[in-house]
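> build me a structure from this.
(2 chains)
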Amino acid sequence: MSDALRAETVTITGHNDDEIEAYLARPLDAAPFGGVVVIHHMPGYDAATKEMVRTFAAHGYAALCPNLYSRQAPGAAPDDAAAAVRALGGVPDDQVVGDVDGAAKYLRALEGANGKIGVIGHCSGGRHTFLAAVSLPIDAAVDCYGAAVVTPPPAEFKVKMDPLIDRSADLSGPLLGLFGADDQFPTQADVKTLDEELTKLGKEHEFHSYDGAGHAFFAVDRPSYRVEAAVDGWQRIFAFYGKHLAA
Amino acid sequence: MCTYLTEKIALTGSGKGQQGWMGLTQATVYVDHAVHARFTHTLNIDFTNPDLGPAARLAVELTEESALALADAIHAALGAAPAGLTSVNQP
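Numbers count the residues shown, from 1 in each chain, chains lettered A, B, ... in the order given. Predicted coordinates:
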């Protein structure tokens, strides 16, 4: 396998049949490849997220990140779009599910696709990953420090974000969870609660929490970056996808 | 941590952004990750005019000390001026 890839902005059909912007990267090798839907974090469809999309393509997956803020802020800079969406109270869960479903369909239809679909997201995208995995047929989901899966945000946050743990029985495929031991959203107690619930339900999952890491330890452009946790986390992500998204 | 905590107020005034001066109608104030400031978390303020689109935004990311000093300075400046001088119903 080479690491040659092609990356570009495309238009996909998202929730409610809306045409939305998305960033696609795909390997140039002819071998059959799995697909990965990358769900961007609350700061938006930004450069760091697009870099992750290209990283998956360099490792042999077609990866696609739908711009979840396409409707509210078409064509806006990622930080302006994120600010506009924050002021509007975020994006509704059903819209996210529809957009991820549209991205998965786009990836499955690519020439060379093997039909397997993974999803990954960080922070709010981690919660959206769990949401997608209990709502859609997903072959492998990676939740990186998704908040509000177990415990709702405090009332003073003034944001509507329903917990999802009650929907764990609907988890459609294996789940890899990567967390920072020092994170407060989610806390280690939240991680333990979800771990126990999935074990009780017999749902395949693998959780890792890193000491010395807090929230956003994968973010290479932020002071929260923790190199040891991030490097180990990426290795676990590729091992997990290698096992579950192979042809 | 991502707080999602957002205070939103309506306001009246103007600001200078990427495309020059514009009227401002709204501000959101929140504690969350910074886009540019070299800190994990900052107090962020977006002054906006949603009618002009998402790019109509003046954004600041401040440390806690800076934000509180700014709030004190606003109170001090207004307190030193005659009451109502800068009101929306000013004389």
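> find the residue closest to B:Gly17 in space, skipping its chain neighbours.
B:Leu58 (5.3 Å; C-beta to C-beta, 6 or more residues apart in numbering or on different chains). C-beta: built from backbone N, CA, C; applies to glycine.
> so which elements touch whatever helix or strand the one you found lives in?
Under the criterion of DSSP states H and E, B:Leu58 resides in strand B:57-62. Contact here means 3 or more C-beta pairs under 8 Å, 6 or more residues apart in numbering or on different chains; DSSP states H and E; on that basis strand B:57-62 packs against helix A:78-87, strand B:6-17, strand B:41-48.
> quick check, the first one touching chain B?
What that stands for is helix A:78-87. Yes - using C-beta under 8 Å from any C-beta of the partner chain, helix A:78-87 reaches chain B at A:Asp79, A:Asp80, A:Ala81, A:Ala83, A:Ala84, A:Arg86, A:Ala87.
> roughly how far out does that helix sit from the chain middle?
Put simply, helix A:78-87 sits 19 Å off its chain's centre (C-alpha atoms, centre = their mean, to the nearest Å).
> give the other helices and strands that that helix contacts.
Using 3+ C-beta pairs under 8 Å, 6+ apart as the contact criterion, the elements in contact with helix A:78-87 are strand B:6-17, strand B:20-33, strand B:41-48, strand B:57-62.
> what does chain A have sitting close to chain B?
Applying C-beta under 8 Å from any C-beta, one finds that chain A approaches chain B through A:41-43, A:72-73, A:76-77, A:79-81, A:83-84, A:86-87, A:89-90, A:123-124, A:147, A:153, A:156-159, A:161, A:183-185, A:214-216, A:222-224.
> which of those count as buried?
The neighbour count (16 or more other C-beta atoms under 10 Å in any protein chain shown) marks A:41-43, A:72-73, A:76-77, A:79-81, A:83-84, A:86-87, A:90, A:123-124, A:147, A:153, A:157, A:159, A:161, A:183, A:185, A:214-216, A:222, A:224 as buried among the residues of chain A next to chain B.
> show me where chain A has its helices.
For chain A, the helices defined by DSSP state H cover A:47-58, A:78-87, A:93-108, A:124-133, A:188-200, A:227-244.
> deepest in the core, which of those is it.
For those, ranked by mean neighbour count under the definition mean count of other C-beta atoms under 10 Å in any protein chain shown, the leader is helix A:124-133 at a mean of 28.
> pretty sure A:Ala81 sits against A:Gln72.
Yes - with the criterion set as C-beta atoms under 8 Å, A:Ala81 and A:Gln72 qualify as a contacting pair; they are 7.0 Å apart.
> overlap in contacts, those two.
B:Pro54 (C-beta atoms under 8 Å, 6 or more residues apart in numbering or on different chains).
> least reliable of the helices of chain A going by mean pLDDT?
Ranked on mean pLDDT, the bottom entry among the helices of chain A is helix A:78-87, at a mean of 92.
> got the angle for that one vs strand B:20-33?
Using axes from the mean of the first three to the mean of the last three C-alpha atoms, to 10 degrees, the inter-axis angle of helix A:78-87 relative to strand B:20-33 is 70 degrees.
> if you compare the directions of helix A:78-87 and strand B:57-62, what angle comes out?
90 degrees.
> now do helix A:78-87 and strand B:41-48, the angle between them.
Inter-element angle recorded for helix A:78-87 and strand B:41-48: 80 degrees (by the same axes, to 10 degrees).
> what angle separates helix A:78-87 from strand B:6-17?
Going by the same axes, to 10 degrees, helix A:78-87 is angled at 140 degrees with respect to strand B:6-17.
> excluding chain neighbours, what is closest to residue 43?
By default, I'm working from chain A. A:Ala82 (4.9 Å).
> please refer instead to chain B.
B:Ala67 (4.0 Å).
> just the pLDDT for that neighbour.
98.
> repeat that for the one 10 residues further on.
Predicted confidence (pLDDT) at B:Ala77: the value is 96.
> number of nearby residues for the residue lying closest to B:Pro91 once chain neighbours are set aside?
Spatial nearest neighbour of B:Pro91, excluding adjacent residues (C-beta to C-beta, 6+ apart): B:Gly84 at 6.6 Å. Counted with other C-beta atoms under 10 Å in any protein chain shown, the neighbours of B:Gly84 add up to 10.
> right, and B:Gly84 touches B:Leu78 too?
No - taking contacts as C-beta under 8 Å, B:Gly84 lies outside contact range of B:Leu78: 10.1 Å.
> secondary structure class for the residue nearest to B:Leu43?
Per DSSP: H, G, I helix; E, B strand; the rest coil, the secondary structure class of B:Ala67 is helix.
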